[in-house]
Structures are given as C-alpha cells and as structure tokens.
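>>> generate a structure from the sequence data that follows.
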Amino acid sequence: MKRKLLATMGLVVASMMVFAGCGAGNSTAGGNEKLMVIGSTSVEPLMQKFIDTYTTADVEMQAPGSSQGIAAAQDGTADIGMSSRELKDSETGLDATAIAYDGIVAVVNPNCPVNDLTKDQLAKIFKGEIKNWKEVGGPDKAIAVFYREAGSGTRGAFEELLGLENVDESFVAGVMDATSGVIQSVKGNDAAIGYISYGSMSTDVKALKVDGVECTPETVKDKTYAIARPFLLVTKQGTDNPATKAFIDYILSDAGQKIVTDSNYVSVK
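Next up is the predicted model:
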C-alpha cells in the first residue's frame, strides 16, 4: 500500500513538472521561443527577410500599420512593434531601436524635365497650391498628383516631414494602395508626380532631388536629404524578454544589416 501511495505521489509530481515546463516562457512545440511582431506595412517586407533567416525563435508577423504596432507594443499584444516613423510625444512607455533608414523620394515620369524641387515646392504641390509644372520650371502642363492611401506608413512619414495636414484630396489624380500603383501611374503619365520609398526605387520613374540633394544612403544617414525616416522596432519599457533581445540583436548584427543594404535600405552601422 505504501509503495502504491509513493508511486501515485511520484506521478503527480511528474505531471506538475510537465505542466510547469509548458507554462514557462512562451515556447512552441519545437522548443523555440515564439515572438509576435506587429506594425508597419513599410517595414513588413524587410522584417520578413529577417524572419526567414532567423532560426532561434518562431516569429509571427502582422502588418496593420505603424500606429497599430506601437499600440500593440504598449499594451503587450506584441513583443515588438514595427514603425516607419518617429514616435509621437503621446506614445510613451516604449524603447525604440532604429534598424534601418529609408528615404522617401518624390518621383516623376522619366520624360519630365524637372530634376530638382525645394522642400517648400514639394509641400505646395502635394497641398494642391502649385498646380502647373511651369510654376517650378517645367512645361505648361497640369500636375497629376498621386498619393498613397490613408494609413500607409510612407504617406504618414511623407506628410509629417513636409507638414501636410488635413489636405483636401479632391485635386489629386489618384490615391494608390501600394507602391507599385504609384510607380505604374507615374510611369504612364509624363505630367505625374508621386512618392515612394527609396528602397522601392524603379527605373520606370525618376527620383527628384530635394533642395539640390540627391537621395542616397549617405545623404539619408547624414540627414542632408530632407525627406527620410527611420525603421523602428519598439518594445515596452520594463520588459525583459531574452528572446526579444536576441532577435533584435540579430537584426543589428553584421548579417542582419547586410540584409538591410541588400534590400536597398540604409544600414544603421
């Protein structure tokens, strides 16, 4: 009887140890940690490359936008939030790590003779205050302005950097829901202008200089190019998740930053 009691107690203790092991951390069946990353659609393609080459943890990603990713990091829904803009003063309680830099380029049709605009001229074009190319040294043609959709990280950064607020979109030629849509629209219209990420630059369109400065990795990094933004990973202050730190360390490593430069973005190193 005593032997049966001891055997029963041993089974109970072993079961408790199994359940305790399952509840520790955030492990998957394969033994890897599981991380949730939420945020920017602009950061998403680059993040997918990090995920594809990282084997230490299982990383799940959702990309509803920068603001949602920041909020998810704040409330703990995400281990890591992705943002393609600087944090606002109201977005507190977070640590932000820059993993790459990206310029935003104003693009025109390759046949457009205009090569350089001031930051102020760009702002006025995208506000609808400058309506004809002749006002900025181009031909006598109405400017066809193409925007990205509301919620786009590229649009949010572009508007913030140029001071575009509450723009009446009734003057625009089109609002595109993807970078490819902007490129195709500008490619097909020699009076068009739009904006895209430097990392998505195509030979189908021509990038304009801003205040005489060309968008290059060097001018983005040294901040002489006026329309540039960071790609940030944000985590909640006070959290200490070794798996999260290890993943961010990988992204900042030489191997991770080579992925950045191979993807036509600007390394933080």
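
>>> center of the chain, which residue is that?
Val43 (2.9 Å; CA atoms, centre = their mean).

>>> measure it to Tyr195 for me?
17 Å (CB to CB, to the nearest Å). Heads up, the C-betas are built off the backbone N, CA and C, glycines and all.

>>> in its sheet, what does the one helix or strand Leu232 maps to sit against?
Take DSSP states H and E as the rule and Leu232 turns out to sit in strand 228-236. Sheet pairing of strand 228-236 (DSSP bridges) gives strand 80-83 (antiparallel), strand 94-108 (antiparallel).

>>> re earlier: pLDDT score for the residue lying closest to the residue nearest to the centre of the chain once chain neighbours are set aside?
Leaving aside its sequence neighbours, Val43 sits nearest to Met82 (CB to CB, 6 or more residues apart in numbering; 4.1 Å). Met82 carries a pLDDT value of 97.

>>> my guess is Met82 meets Leu46, correct?
No: Met82 lies out of contact with Leu46 (CB atoms under 8 Å); the separation is 9.1 Å.

>>> please say which of the two ends up with more neighbours.
Set Met82 next to Leu46 and count neighbours by other CB atoms under 10 Å: Met82 wins out with 31 against 23.

>>> identify the bridge partners of that one.
Gly39, Leu233.

>>> and Gly163, what does it touch?
Residues near Gly163 by CB atoms under 8 Å, 6 or more residues apart in numbering: Ala123.

>>> what of Gly194?
Counting by CB under 8 Å, 6+ apart, Gly194 makes contact with 106-107, 145-147, 176, 182-183, 185-186, 205.

>>> show me how far the strand holding Leu232 is from its chain's centre.
Distance of strand 228-236 from its chain centroid, counting by CA atoms, centre = their mean, to the nearest Å, is 8 Å.

>>> can you check which residues contact both of Met82 and Leu46?
Joint contacts of Met82 and Leu46 (CB under 8 Å, 6+ apart) are Phe231.

>>> where does the residue nearest to the centre of the chain land on pLDDT?
Reported pLDDT for Val43: 91.

>>> repeat that for the one 4 residues further on.
With respect to pLDDT, Met47 scores 97.

>>> list of residues touching the helix or strand it falls within?
Assigned by DSSP H and E, Met47 belongs to helix 44-53. With contacts defined as CB under 8 Å, 6+ apart, helix 44-53 is touched by 37, 59, 61, 63, 82, 100, 199, 231, 247, 250-251, 255-256, 259-260, 263, 265.

>>> what are the contacting residues of whichever helix or strand comes after the strand holding Leu232?
Using DSSP H and E, the helix or strand that follows strand 228-236 in sequence is helix 242-252. With CB under 8 Å, 6+ apart as the test, helix 242-252 has contacts from 25-26, 33, 35, 50, 54, 56-57, 59, 79-80, 97, 99, 233, 235, 256-257, 268-269.
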